[in-house]
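[1] I would like the atomic coordinates for the input below:
(2 chains)
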Amino acid sequence: MSVILFYITAVAILLFAFLSVTTRRILRAAVYLLFVLIGTAAIYFLLRYNFLAALQLTLYAGGIIVLIIFSIMLTSQMNNKLEKPNDLQVVLASVTSVVGVGLVLFVILNHSTFITQYSEKIYNVKEVALSLISYQKNGYALPFEVISVLLLAAMVAAIIMAKRELKNKEQ
Amino acid sequence: MIQGVPLQHILLLTTLLFFIGVYGFITRKNLFTMLMSVELMLNAVAINFVVFNAYLFPENLQGHFFTIFIVSIAAAEAAVAIAIIVNVYRNIRTVNAERINEMKH
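    Sure thing, here's the model as predicted:
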């Protein structure tokens, strides 16, 4: 059952990702990206990382996409189509992508001596959170603190960047 | 792990997803769609971390936490990038990457 679900999700993710980079209407691109992110959350659910899937849905699909859609509405006219990329760019980008896919798949398929293990364990939120704040072995307290400082800095930077124009107008 | 799905198939999915993001980043000219392509690439890498964790080291959570940090950094990056884009739009009235060629307005 989960095998069929995985393949359906994978095909949907690839299809929507391709539509998201090729459609010429910008809001549709954002909505297709939303579907890709929801598909990713579905893969996390299939792998039974429930906390991560919830995080993906709320932070990525909920937060970032809404932010992107709001700022698209602030800055562009909905009716205008995006201009077509010129042919040279399409050719070069396709060549880059195909060569990259070929190279990566060559490495993956030729060195595929992965020793996979099976585990029935499902991590609940409490275990994840305790591991996140523990400073013992397998604890992630330091990266957690660093990421919170980074988020604070990014927040301050975003506010300052968005505010600068107002100051200029007042002068 | 997902019973019955080999690791290589998921790696195939993430590879294709990553290079679709690369394709979009090269061909797009609008700053927002370029940002979306970056999100696609980050997303592919995040799936990779989780899948390696789930298939190779299911007793540990390293890949899990890496993905949590990737998601937080993506949120910070999107917030700053969108603030910059909105500021650029206020100053020169366009979000087209090819028309943004002056450092000082």
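[2] so which elements touch the helix or strand containing residue A:42?
    Taking DSSP states H and E as the definition, residue A:42 sits inside helix A:26-46. Counting contacts by 3 or more CB pairs under 8 Å, 6 or more residues apart in numbering or on different chains; DSSP states H and E, helix A:26-46 packs against helix A:2-22, helix A:50-55, helix A:65-75, helix B:31-56. For every residue, glycine as well, the C-beta is placed using N, CA and C.
[3] list the buried residues of that helix.
    Within helix A:26-46, the residues that qualify as buried by neighbour count (16 or more other CB atoms under 10 Å in any protein chain shown) are A:26, A:29-30, A:32-46.
[4] neighbours of the residue in chain A positioned nearest to chain B, just the number please.
    For chain A, the residue closest to chain B is residue A:21, as judged by CB to the nearest CB, at 3.0 Å. Residues near residue A:21, counting by other CB atoms under 10 Å in any protein chain shown, number 24.
[5] can you show me the CA trace of the host helix or strand of residue A:103 as PDB?
    Residue A:103 belongs to helix A:87-110 when assigned by DSSP H and E. Taking C-alpha atoms only, helix A:87-110 is exported to PDB below (Å, rounded to 0.1, in the frame of the first residue of the first chain):
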ATOM      1  CA  ASP A  87      16.100  29.600 -26.500                       C
ATOM      2  CA  LEU A  88      19.800  29.700 -25.700                       C
ATOM      3  CA  GLN A  89      19.000  29.900 -22.000                       C
ATOM      4  CA  VAL A  90      16.600  26.900 -22.200                       C
ATOM      5  CA  VAL A  91      19.200  24.900 -24.100                       C
ATOM      6  CA  LEU A  92      22.000  25.700 -21.700                       C
ATOM      7  CA  ALA A  93      19.800  25.000 -18.600                       C
ATOM      8  CA  SER A  94      18.600  21.700 -20.100                       C
ATOM      9  CA  VAL A  95      22.100  20.600 -20.900                       C
ATOM     10  CA  THR A  96      23.200  21.600 -17.400                       C
ATOM     11  CA  SER A  97      20.400  19.700 -15.800                       C
ATOM     12  CA  VAL A  98      20.700  16.600 -17.900                       C
ATOM     13  CA  VAL A  99      24.500  16.400 -17.400                       C
ATOM     14  CA  GLY A 100      24.000  16.900 -13.700                       C
ATOM     15  CA  VAL A 101      21.300  14.200 -13.400                       C
ATOM     16  CA  GLY A 102      23.500  11.900 -15.400                       C
ATOM     17  CA  LEU A 103      26.500  12.500 -13.300                       C
ATOM     18  CA  VAL A 104      24.700  12.100 -10.000                       C
ATOM     19  CA  LEU A 105      22.800   9.000 -11.100                       C
ATOM     20  CA  PHE A 106      26.000   7.500 -12.400                       C
ATOM     21  CA  VAL A 107      27.600   7.900  -9.000                       C
ATOM     22  CA  ILE A 108      24.500   6.600  -7.100                       C
ATOM     23  CA  LEU A 109      23.900   3.600  -9.300                       C
ATOM     24  CA  ASN A 110      27.500   2.600  -9.500                       C
END
